[in-house]
Every structure is written in structure tokens, then in C-alpha cells.
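*Asks:* pasting the sequence and the predicted model now:
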Amino acid sequence: MNNNDQNDQVDILLVEDNPSDAELTLRALKKNNIASKILVVTDGAGALDFIFHTGAYAGRNSNNQPKIILLDLKMPKVNGIEVIRKLKSDKNTKSIPIVVLTSSEEEKDVTESYALGVNSYIVKPVEFDKFTKVVADVGLYWLLINKSPVV
């Protein structure tokens, strides 16, 4: 494995346009030693570029997909629902676990997310301590407990 391959490796792709929520999520994961290789992108277009090796990520090694995607739904450019639709309809990316981590409690968002194939839907707790625990629990489960296929 060359150095470029090493730099391409990401355990968690965090797709979050709110800088405060992104920072809280990163702090919760790092505080609990869940993952050291986390990439944050601020919109759905960036997530799709990363996963499909286009745009700013055109030279990325296609063998290095994230172990999990933490995805907000309400984002600029390309929203979370569209990201889910594209990833779950592609044979090369449909097995990447997607956990929706969003403020939306709208039933249509929950229903559509699951219909498209998300693995989990979590409403972000407002309280800091609860938010930190939820993120840590998600990271622990999906990275350490859950057995995922190699993608």
C-alpha cells in the first residue's frame, strides 16, 4: 500500500453542513476513541464526489470506501435524501452503511430514508451530553460491533 492509499482511507464520512454539529460529532467520536480517520464534507455534492471519486476527489483510490457514512438530511447543493438514493442504487456503494443523523423528525423523511435503504435514522438530541452519547454509541456500534461487508 503506497502513501496515497493510506491518505485515502476514511473510517467515517461525516456529511454535515452545520459547523457546530460537525465539531460536536468529531469531539464525541475522538473523545471515545471511536475513529481516527474521519472526513467531514459540508454538503451532499461533496459526499458524492468523495464516494464516486469525482471533483476534488478524482484521484482517490476507489478501493478505500468509508466504513460508515453519518449523513445529515437538510443540506445545500444535494440533500441527504438524494445522496441516499444515489448511493443505494449503485451496486458498488449500496452496501456502505448510512446512518442518518439529522434534526428532522418529519415522518416523511424517516419513511423515505428507510425506503431508500438507510441502515439507521437518528434524530440529533438537543442536549450536549445526550448528543455526545448518541454519537459515541453510533460509532461504537457501526465501527466496532457491527460486521459489514468489504466494499
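*Replies:* Great, that's in hand. Numbers count the residues shown, from 1 in each chain.

*Asks:* got the contact list for the most centrally placed residue in the chain?
*Replies:* By CA atoms, centre = their mean, the chain has its centre lying nearest to Ile69, at 2.0 Å. Applying CB atoms under 8 Å, 6 or more residues apart in numbering, we find Ile69 in contact with 12-13, 15, 47, 51, 87, 96-99. For glycine as for every other residue, the C-beta is placed from the backbone atoms N, C-alpha and C.

*Asks:* and these, which of them are buried?
*Replies:* 12-13, 15, 47, 51, 87, 96-99 (16 or more other CB atoms under 10 Å).

*Asks:* ranges for the strands of this structure?
*Replies:* 12-15, 38-41, 68-71, 98-102, 120-123 (DSSP state E).

*Asks:* report the buried residues of stretch 58-75.
*Replies:* 60-61, 64-73, 75.

*Asks:* equivalent analysis for stretch 25-36, please.
*Replies:* 25-26, 28-29, 34-35.

*Asks:* please apply the same query to stretch 126-133.
*Replies:* For stretch 126-133, by 16+ other CB under 10 Å, it's 131-132.

*Asks:* now it, how far from the centre of its chain.
*Replies:* Its chain's average C-alpha position is 18 Å from that of stretch 126-133, according to CA atoms, centre = their mean, to the nearest Å.

*Asks:* with stretch 123-132 instead?
*Replies:* The answer for stretch 123-132 is 17 Å, by CA atoms, centre = their mean.

*Asks:* same question, stretch 130-145
*Replies:* Chain-centre distance of stretch 130-145: 13 Å, with CA atoms, centre = their mean.

*Asks:* what sits up against that stretch?
*Replies:* So stretch 130-145 is contacted by 11-12, 24-25, 27-29, 31-32, 34-35, 67-68, 70, 97, 99, 101, 119-120, 122, 124-125, 148 (CB under 8 Å, 6+ apart).

*Asks:* equivalent analysis for stretch 17-32, please.
*Replies:* By CB under 8 Å, 6+ apart, stretch 17-32 touches 12, 14, 16, 34-36, 38, 40, 42-43, 70, 72, 74-76, 101, 124, 128, 131-133, 135-136, 139-140.

*Asks:* tell me the mean pLDDT for that stretch?
*Replies:* Mean pLDDT, stretch 17-32: 89.

*Asks:* cool, and stretch 121-129?
*Replies:* On average, stretch 121-129 scores 86.
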